[in-house]
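J.: Give me coordinates for this.
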Amino acid sequence: MIIARESNMRNKALESDLSTDSACADTRCDDMKRIKSGARWRPHRLLRAIAPIVLVVATAAARPVTANAQGAATHNSTAGYPVRPIRLIIPLPPGGGADYIGRLVGQKMSEQMGQSVVADNRGGASGAIAGELAARAAPDGYTWFLAYAASHGINPAMSKLPYDALNDFTAITHMAVSQNIVTSHPSFAASSIKELVAMARAKPGQITYASAGFGSATHLSAVLLAQMSGVTFIHVPHKGAGLALIDLLGGHVHFAFSSLPAALPHTRAGKLRALAVSGLKRSLIVPDIPTVAEGGLPGFDTNQWYALMGPARLAGAIVRRLNSETIKAMNVPDVRARLDQQGFEIEGSTPEACREFIRNELAKWAKLIATAGIKADAAR
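T.: Okay, the predicted model is just below:
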């Protein structure tokens, strides 16, 4: 009896509800007719009738939730960055200019960002080994690369590399430049660029210069000097900048392009004579030394430079964060003072300006190497 009463009550309630729905579907109207006729109530028929409506509503509600969830996931992947140690790949052995600026700025960025920045020196093949490693890394912000003139300027113009200097990397910032300096042995009569060029014209094929090796920035700087002045110098390559400097100090060659930090102690001690710096403007730390351009070769510019980069497709939010953190670190007073002492001039460019700078460097060195007929095979 209890079951019968409950069934009758349900039927009357359903009949009342359905009778007031003037826009009911055919299936629902059929159910109402069955109820009025005393037919057995079949709830599965009603569920089958309204199932499409429930599905549409559920789908519409789910879509914005899914999109929001995806947006939150993307935001969270960068909002908490970094959450683990970062590797900074330096394409040269410890002790050089790249290692110095990379470790100094990396340490300050570590303090700022609350995560360790681990320097990973991967020397060899003028940066090609390290460049390939960085280019193949995941674009998650946990692998940085310290690009320099050889890895992203000279080498791509001389050899087929396992990476594309522009398209396999994300530019973050052009960090700094470090000018080269042209020095000669005190026994050599030339005391300026004009006198050096004049002597080379008077004694063709007799003026020698040392370099850090075939295809190095110091080699190609001298090639550019010869090309722009229309003279010929004799190249004496060495296995590293240190050996080239020793040869010059010993008076075995007439002149050389060297890094400013390496050569300055010897010029100040009177063991070498400073002829010029290699940038477009005078160096801030030795403003009394003229530029090569001032010596009669306008436009001469072969600075050493350093840029922070990441793998291609690095998220824009991470790029902007690293750009800001790098510039901030380089301008901390104690860091800036140490960079100044070593001859680094801070640039701190935007990512876009950094990419354009590297594009111009690639074009500059490619043109020089092509016109001078320099081939990588000649180094063997």
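
J.: got the residue ranges for the strands in the stretch 201-350 of the chain?
T.: 208-211, 234-237, 255-259, 273-277, 304-311, 344-346 (DSSP state E, counting those that start in this stretch).

J.: Serialize those to JSON lines and add fields for mean neighbour count, mean pLDDT and distance to residue 122.
T.: For the C-beta atoms, the positions are set from N, CA and C on the backbone; glycine is no exception. Listed next are these as JSON lines, based on neighbours: other Cβ atoms under 10 Å; pLDDT from 0 to 100; distance: least, Cβ to Cβ, whole Å:
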{"stretch": "strand 208-211", "mean neighbour count": "24", "mean pLDDT": "95", "distance to residue 122": "23"}
{"stretch": "strand 234-237", "mean neighbour count": "16", "mean pLDDT": "94", "distance to residue 122": "23"}
{"stretch": "strand 255-259", "mean neighbour count": "27", "mean pLDDT": "93", "distance to residue 122": "20"}
{"stretch": "strand 273-277", "mean neighbour count": "23", "mean pLDDT": "97", "distance to residue 122": "30"}
{"stretch": "strand 304-311", "mean neighbour count": "25", "mean pLDDT": "96", "distance to residue 122": "14"}
{"stretch": "strand 344-346", "mean neighbour count": "21", "mean pLDDT": "93", "distance to residue 122": "22"}
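
J.: how about the ones you listed, which one is nearest residue 81?
T.: strand 304-311 (12.1 Å; Cβ to Cβ).

J.: could you give the angle of the closest one to strand 255-259?
T.: Relative orientation of strand 304-311 versus strand 255-259 (axes from the mean of the first three to the mean of the last three Cα atoms, to 10 degrees): 40 degrees.

J.: in its sheet, what does strand 304-311 sit against?
T.: strand 143-148 (antiparallel), strand 169-178 (antiparallel) (DSSP bridges).

J.: With respect to residue 293, which of the ones you listed lies nearest?
T.: Using Cβ to Cβ, the nearest of the strands paired with strand 304-311 to residue 293 is strand 169-178, at 15.0 Å.

J.: Restricting to C-alpha, output the closest one in PDB.
T.: Only the C-alpha atoms of strand 169-178 are listed here, as PDB (Å, rounded to 0.1, in the frame of the first residue of the first chain):
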ATOM      1  CA  PHE A 169      68.500  30.600 -29.900                       C
ATOM      2  CA  THR A 170      66.400  33.200 -28.100                       C
ATOM      3  CA  ALA A 171      68.200  36.500 -27.500                       C
ATOM      4  CA  ILE A 172      67.900  37.800 -24.000                       C
ATOM      5  CA  THR A 173      70.300  40.700 -23.800                       C
ATOM      6  CA  HIS A 174      73.500  42.100 -25.200                       C
ATOM      7  CA  MET A 175      75.400  42.200 -21.900                       C
ATOM      8  CA  ALA A 176      78.700  44.000 -22.500                       C
ATOM      9  CA  VAL A 177      81.600  44.700 -24.800                       C
ATOM     10  CA  SER A 178      85.300  44.500 -24.100                       C
END
